[in-house]
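# the sequence isn't on hand, but the structure is:
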């Protein structure tokens with residue numbers, strides 16, 4: 001496994017292996033086994049995941065996360081536990097970084113996502129990955 005994260009609201013795990021197979025899976029405590037709910041082949045090399053914590057006023061039983069690719073591009077997704085649906089959050093690809101990211105952080109109180117790349121560019125986004133500003 002290259003990356004694995006727990007989505008606390010949905011109580012599932014997300015993972016990507018070296019072959020770029022993205023999986024959403026959960027544990028069956030009764031049988032003490034894990035099983036896959038959703039599998040997707042990702043066409044680009046994944047660098048990491050970042051969780052986007054949902055605040056109190058957001059709908060519960062959903063989790064958002066950002067998949068960061070080695071190219072600097074990123075995609076935001078939401079997992080809805082009740083329907084077991086993976087939702088892609090559309091964003092303006094023209095505003096993505098064009099080199100690898102050096103950092104990424106999210107501030108729930110402001111609903112802002114900040115990304116930085118290896119060339120020193122910092123970009124600020126809202127919680128839906130809509131571009132706000134570049135520094």
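In hand now; what should we look at? Bear in mind the structure is a predicted one, so any value in this text is a computation, not a measurement.
# any weak-confidence spans in the protein?
Scanning the chain for pLDDT under 70 picks out the ranges 1, 55-61.
# mind redoing it with 50?
Low-confidence segments of the chain (pLDDT under 50): 1, 57.
# all strands of it, in order?
According to DSSP state E, the chain carries its strands in the segments 3-7, 12-16, 21-28, 33-41, 46-52, 62-69, 74-80, 85-89, 101-107, 112-117, 122-126, 131-134.
# looking at those, which is nearest to residue 95?
Each of the strands of the chain has some distance to residue 95 by CB to CB; the shortest is strand 131-134, at 4.0 Å. Where you see a C-beta, it was placed from the backbone N, CA and C, and this is true even at glycine.
# who touches that closest one?
By CB atoms under 8 Å, 6 or more residues apart in numbering, the surrounding residues in contact with strand 131-134 are 91, 92, 95, 112, 121, 122, 123, 124, 125, 126.
# and the last one, how far is that from residue 42?
To residue 42, residue 126 is 24 Å away according to CB to CB, to the nearest Å.
# check the fifth one too.
When distance is defined by CB to CB, residue 121 is 24 Å away from residue 42.
# same question, the first one
Relative to residue 42, residue 91 is positioned 16 Å away (CB to CB).
# for residue 53, which non-adjacent residue is closest in space?
residue 108 (5.0 Å; CB to CB, 6 or more residues apart in numbering).
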